[in-house]
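Trainee: This is a predicted model, with the sequence first.
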Amino acid sequence: MVPAMVKAVFPGSFDPPTFGHLNIIERARTIFERVLVVVAVNRDKNYLFNTEERLAFMREFVAPWPNVEVHACDTLIVEFARKHSCRVLLRGVRSVQDFSYEFELSILNKGVGPEIETFFMPTDQKYFVLRSSAIKELASLGGDVSGMVPSVVATALERFRTVSS
């Protein structure tokens, strides 16, 4: 029997996108037929970058990879996965705390969409401390984030720091 080609959804806020996010996407694209990167749109959450900016960042970063596409989503991720015939939700984890949170979320998603599986992928060791909230805080205080995010994001964060000062 020939294995089915599998599409995966990699959801996140990507506010800002980090090298850890890109590491997961780069590795996943070699495993799955297609990877759909989904930028979350949650009206109740205050983002540093708006939806269009986050989409533009992600589209620029994944442009070299023909089997990766970027979408925005303001619905349940399971609904998005169904709509796009994706059987896998891909979640990056850096720590036991991440895994605990993601595991509970995967149980909830499994209840809503029993046909969709969650795969956990640990980040490469050099990215395990990259947390978007910490990067935003460091940047807001004038810290160097160039080793944590792509240069276009570091520049955007610098502009934000300058504006908010």
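Mentor: Looks like it arrived, so ask away. Source: prediction; values computed, not measured.
Trainee: For the chain, which segments count as helices?
Mentor: Ranges of helices within the chain are 19-28, 51-62, 77-83, 96-112, 132-140, 151-164, based on DSSP state H.
Trainee: so of the ones you listed, which one's packed in deepest?
Mentor: helix 19-28 (a mean of 20; mean count of other Cβ atoms under 10 Å). The C-beta positions use only the backbone N, C-alpha and C, and glycine is treated the same way.
Trainee: Give me the mean pLDDT for that one.
Mentor: Mean pLDDT, helix 19-28: 94.
Trainee: now do stretch 82-96
Mentor: Mean predicted lDDT for stretch 82-96 stands at 91.
Trainee: Okay, buried residues for that stretch please.
Mentor: Neighbour counts over stretch 82-96 (16 or more other Cβ atoms under 10 Å) mark 86-94 as buried.
Trainee: gap between the two ends of that stretch?
Mentor: End-to-end distance for stretch 82-96: 29 Å, by Cα to Cα, to the nearest Å.
Trainee: Could you check how far the closest residue to residue 139 other than its chain neighbours is from residue 17?
Mentor: Spatial nearest neighbour of residue 139, excluding adjacent residues (Cβ to Cβ, 6 or more residues apart in numbering): residue 157 at 3.9 Å. Residue 157 sits 11 Å away from residue 17, going by Cβ to Cβ, to the nearest Å.
Trainee: shared neighbours of these two, which are they?
Mentor: By Cβ atoms under 8 Å, 6 or more residues apart in numbering, residue 157 and residue 17 have these common neighbours: residue 149.
Trainee: who's in contact with residue 54?
Mentor: By Cβ under 8 Å, 6+ apart, the contact set of residue 54 is 13-17, 39, 47.
Trainee: Distance of it relative to residue 68?
Mentor: From residue 54 across to residue 68, the span is 15 Å (Cβ to Cβ).
Trainee: Then residue 51?
Mentor: Applying Cβ to Cβ to residue 51 and residue 68 gives a distance of 19 Å.
Trainee: now do residue 74
Mentor: Look at residue 74 and residue 68: by Cβ to Cβ, they are 21 Å apart.
Trainee: Look at those two and report which has more neighbours.
Mentor: Just comparing residue 74 and residue 68: by other Cβ atoms under 10 Å the higher neighbour count belongs to residue 68, 22 against 11.
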